[in-house]
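> here is the input, now give the coordinates:
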Amino acid sequence: MVYVACEGESTEPDYLRYLNEEFGDGDGGMRRPFRVQPVYRKNGMTPSEVVAAVQEAASEDEAWALFDRDQWDDIPQAVAAAAASGVELAFSHPSFDLWLLLHFQPFGGAQSGSSKLMIEKLRQAKGATAFRTYDKRADKGLGGARRDALRGREGDAVAHARRLVAACAHGGCTPGRAWTEPVGRDIEQWSPQAWASRSGHTPECPILHRDPSTDVWRLLVTLGIQGAAN
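Sure thing, here's the model as predicted:
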């Protein structure tokens, strides 16, 4: 059982349900069955609220906080709270929409908190016909044809996300140093910088400067959906 609290109330929970339905039964071999329990609220949460919500819901179980850069100013506080309680981070800069786009193509270039260009590229991406109306009239759900479009592209998304770590402008960041095994909730306290570096970025690389980037790939590797070297 893995608890994942989400900043958003639609796209991210839909994606987690997709992971349950597509991969949750395991493969009868190396990949064990799992159950992801989405934690979310109507009208969404701030990053700090995401961490607090998953702390409460998960108790001692594995816990993840999934949130975006957007324009939030409490991200350092959220990272510190996650480090203090062993909550894994799935941070996306500028937004979760980047993770969706990486299923279809690579992406690069700082976006300064804006998702506009990524959403435009997602609507136009080869193989992403179902996303042509994504984010129009508040339509950000991931049901039906959109799930079908994502299916089978997880390896590409992980590989593209790992390359973003390697391309980080800070220098010294590499996906090879990322942690992809859960450490348990009873760990000794890490510093916020060290905890945020589990994504493969160096501790000296400020989390708000990782533009663009998404750590959702670590969740898929931890669940056994993709290998760490993809």
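
> next, the contact list for residue 113, please.
For residue 113, the contacting residues are 69-71, 93-94, 211, taking CB atoms under 8 Å, 6 or more residues apart in numbering as the criterion. Quick note: C-beta positions are derived from backbone N, CA and C, even for glycine.

> max pairwise distance over those residues: which two?
Using CB to CB, these reach their maximum pairwise distance at 71 and 211, which is 13.0 Å.

> neighbour-wise, which of those two wins?
Counted by other CB atoms under 10 Å, residue 71 and residue 211 do not tie: residue 211 has more neighbours, with 17 against 8.

> look up how far residue 64 lies from the residue nearest to the more buried one when sequence neighbours are not counted.
The shortest distance from residue 211 to any non-neighbouring residue, by CB to CB, 6 or more residues apart in numbering, is to residue 110 (4.4 Å). Remark: distance between residue 110 and residue 64 (CB to CB, to the nearest Å) = 25 Å.

> higher neighbour count, those two?
residue 64 (27 against 13).

> can you give the contact residues for the helix or strand that one falls within?
In the assignment (DSSP states H and E), residue 64 maps to strand 62-68. Residues outside strand 62-68 that contact it (CB under 8 Å, 6+ apart) are 1-8, 12, 45-47, 50-51, 54-55, 57, 75, 78, 82, 85-96, 182, 184-185, 216, 219.

> ok, stretch 174-182 next?
Under CB under 8 Å, 6+ apart, the answer for stretch 174-182 is 62, 88, 162-163, 165-166, 197-200, 218, 221-222, 228.

> how far does that stretch sit from its chain's centre?
Distance, stretch centre to chain centre, for stretch 174-182: 14 Å (CA atoms, centre = their mean, to the nearest Å).

> counting neighbours, which bits of it end up buried?
175, 178-180 (16 or more other CB atoms under 10 Å).

> got the end-to-end distance for that stretch?
Its start and end residues considered, stretch 174-182 measures 19 Å (CA to CA, to the nearest Å).

> give me the mean pLDDT for that stretch.
The pLDDT scores in stretch 174-182 average 91.

> and residue 106, how close does it get to residue 135?
For residue 106 relative to residue 135 (CB to CB), the value is 21 Å.

> between the two, who's got more neighbours?
Using other CB under 10 Å, the more surrounded residue of residue 106 and residue 135 is residue 135, with 16 against 13.

> just give the nearest non-adjacent residue to the more buried one, would you?
Nearest residue to residue 135, sequence neighbours excluded (CB to CB, 6+ apart): residue 119, at 5.2 Å.

> counting neighbours, what do you get for residue 204?
Neighbourhood size, residue 204 [other CB under 10 Å]: 11.

> and what of residue 7?
Residues lying near residue 7 (other CB under 10 Å) number 24.

> residues contacting it?
44-47, 50, 66-68, 70, 96.

> phi first, then psi, for it.
Geometry field for residue 7 lists phi and psi as phi -70, psi -40, criterion degrees, to the nearest 10.

> check residue 139 too.
The phi and psi torsions at residue 139 (degrees, to the nearest 10) take the values phi -90, psi 90.
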